[in-house]
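> Give me coordinates for this.
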Amino acid sequence: MKPHQVMVRKQVGWNLLINVWVEIRRNGRVIRTGFVEDAMPDSSALWIAADANDPRQLFEAFEGFEVWVTPQYGPAASASG
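Below you'll find the model as predicted:
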């Protein structure tokens, strides 16, 4: 891996990601990036905070969204799936 490349990993425990920078993906495509503002305790949904370009937005797992994090910014590896 080159020094400027960053590895990301799929995160299952969405409820552990509050205040973490994430990528929201669906069908392999990045849909949105941003900080997780809040998440459901059961990891069924999370909200990405509003920023200069986009409003606060809800993403739900049952709709096929996945959350990916950069390891140094996410929770410990033992918390992921």
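> neighbouring contacts of the longest strand along the chain?
Secondary structure of the chain per DSSP state E: the longest strand is strand 29-39. Where contact means C-beta atoms under 8 Å, 6 or more residues apart in numbering, the residues beyond strand 29-39 that reach it are 14-25, 45-49, 51, 54, 56-57, 59, 65, 67. To be clear about C-beta, it is placed using only N, CA and C from the backbone, and glycine gets the same treatment.
> where in the chain is pLDDT low?
Residues of the chain meeting the criterion pLDDT under 70: 1-7, 71-81.
> Which stretches in it count as strands?
Under DSSP E, the chain gives strands at 9-11, 21-26, 29-39, 45-48, 57-60, 66-69.
> List the neighbouring strands of the shortest one plus their orientation.
Strand 9-11 has its sheet partners listed here by DSSP bridges as strand 66-69 (antiparallel).
> So which bits of the partner strand are buried?
Within strand 66-69, the residues scored as buried using 16 or more other C-beta atoms under 10 Å are 66-69.
> just stretch 46-56 next, same as before
Within stretch 46-56, the residues scored as buried using 16+ other C-beta under 10 Å are 46-48.
> Could you list the residues in contact with it?
With C-beta under 8 Å, 6+ apart, stretch 46-56 has contacts from 14-15, 17, 22, 24, 32, 34-40, 57-59, 67.
> List buried members of those by neighbour count.
Neighbour-count burial (16+ other C-beta under 10 Å) applied to the contacts of stretch 46-56 gives 14-15, 17, 22, 24, 32, 34-36, 39, 59, 67.
> Pull the most distant pair out of these.
N15 and R32 (18.5 Å; C-beta to C-beta).
> So R9 is in contact with V67, correct?
No: under the criterion of C-beta atoms under 8 Å, R9 makes no contact with V67, lying 9.9 Å away.
> mind listing what's buried in stretch 9-29?
11, 14-17, 20, 22-25.
> And that stretch, how far out from the chain middle?
2 Å (C-alpha atoms, centre = their mean, to the nearest Å).
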